[in-house]
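[1] I'll drop the sequence and a predicted model, then ask my questions.
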Amino acid sequence: MNKFTILKILCFFLTLTVSVSVLAEERIYNPIADEYFDYDDSQDKPWVEDNISEIKAINDERLKLLDLDNPPIGFRVYIDLDSLSVSEKDRVVRYWLVFKSGKSRNARFEGVKCISSEYKTYAYESKWKKNKINVNPQAEWQKIPLTGHQAYLRELRDYYFCSGVLARPLNDILDIIAGYKSTTGDYDPTYHYAQ
C-alpha cells in the first residue's frame, strides 16, 4: 500500500468516528421553551393492537351513505354506524363499510390507525351468503394509498376519523358523518365538542 491509500483510509475512519460521536451527543431542541433536552426512549411503550374477539354482522338498518369524493368507481359507500368504534387501548378506528353498485354488494370490516396512517382489513362479508363473515387471518397493516381504488381510505382518515395522528372521539366521528360538524378542522383534545 502506498502512503496516499493509507492516508485515505485513516481519513475515512477519523470522519466516521467524529460522525458517530456527534450523533451520540445529539440533543433535541424545543423551540417553544428555547432549550435543548435529552430524550430517553427506553421508557416508551410499544404500540400493541387490541384483541378483536368477535366481529358482529352488519346492521343494514344502520347503514349511512358517506359523502366521499373518491369512492371506488361505480360504487356508493356506506358505513354501519353500529360497528363504528374507537378503541381506548390502541386508538384504532374500526368499522364495516358496504360498497353498493346496482344489485351488487361488497363489505369489508376495516381498521384505520391514525398515528401511522395505516389500514387493515380484518374481515369480508361473504358474496354468496349475506351476513356470513369471512375473517382474514393474514390481515396486516398497510400504508393508506394516496390514489387508486382505495383512495377512499385517505378521505376517511383525513375527513372523518383522524386529526393529524390522533383518532377523533367516537361522538365526533358520528357528528361528522351526520353532517353536524365540519371535517376540515383539527381535533382539539382540550375542547368538549358535544356542547
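    Thanks, I have it.
[2] which residue sits closest to L66, ignoring its sequence neighbours?
    Leaving aside its chain neighbours, L66 sits nearest to V77 (4.9 Å; criterion: Cβ to Cβ, 6 or more residues apart in numbering). (Each C-beta comes from the backbone N, C-alpha and C, glycine too.)
[3] hmm, who's touching whichever strand or helix holds the one you found?
    Secondary structure assignment for V77, by DSSP states H and E: strand 76-80. Residues lying outside strand 76-80 but in contact with it, judged by Cβ atoms under 8 Å, 6 or more residues apart in numbering, are 58-59, 62-66, 68, 71, 95-101, 152, 177.
[4] Tell me which entries of the residues you listed lie within strands.
    With strands identified by DSSP state E, the entries of the contacts of strand 76-80 that belong to them are 63-65, 95-101.
[5] would you turn the residues you listed into JSON lines with pLDDT, distance to L156 and neighbour count?
    Shown next, in JSON lines, are the ones in strands among the contacts of strand 76-80 (pLDDT from 0 to 100; distance: Cβ to Cβ, whole Å; neighbours: other Cβ atoms under 10 Å):
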{"residue": "L63", "pLDDT": "96", "distance to L156": "15", "neighbour count": "20"}
{"residue": "K64", "pLDDT": "96", "distance to L156": "13", "neighbour count": "15"}
{"residue": "L65", "pLDDT": "96", "distance to L156": "14", "neighbour count": "12"}
{"residue": "Y95", "pLDDT": "97", "distance to L156": "8", "neighbour count": "21"}
{"residue": "W96", "pLDDT": "96", "distance to L156": "13", "neighbour count": "26"}
{"residue": "L97", "pLDDT": "96", "distance to L156": "8", "neighbour count": "22"}
{"residue": "V98", "pLDDT": "95", "distance to L156": "14", "neighbour count": "21"}
{"residue": "F99", "pLDDT": "94", "distance to L156": "13", "neighbour count": "17"}
{"residue": "K100", "pLDDT": "94", "distance to L156": "17", "neighbour count": "16"}
{"residue": "S101", "pLDDT": "92", "distance to L156": "19", "neighbour count": "13"}
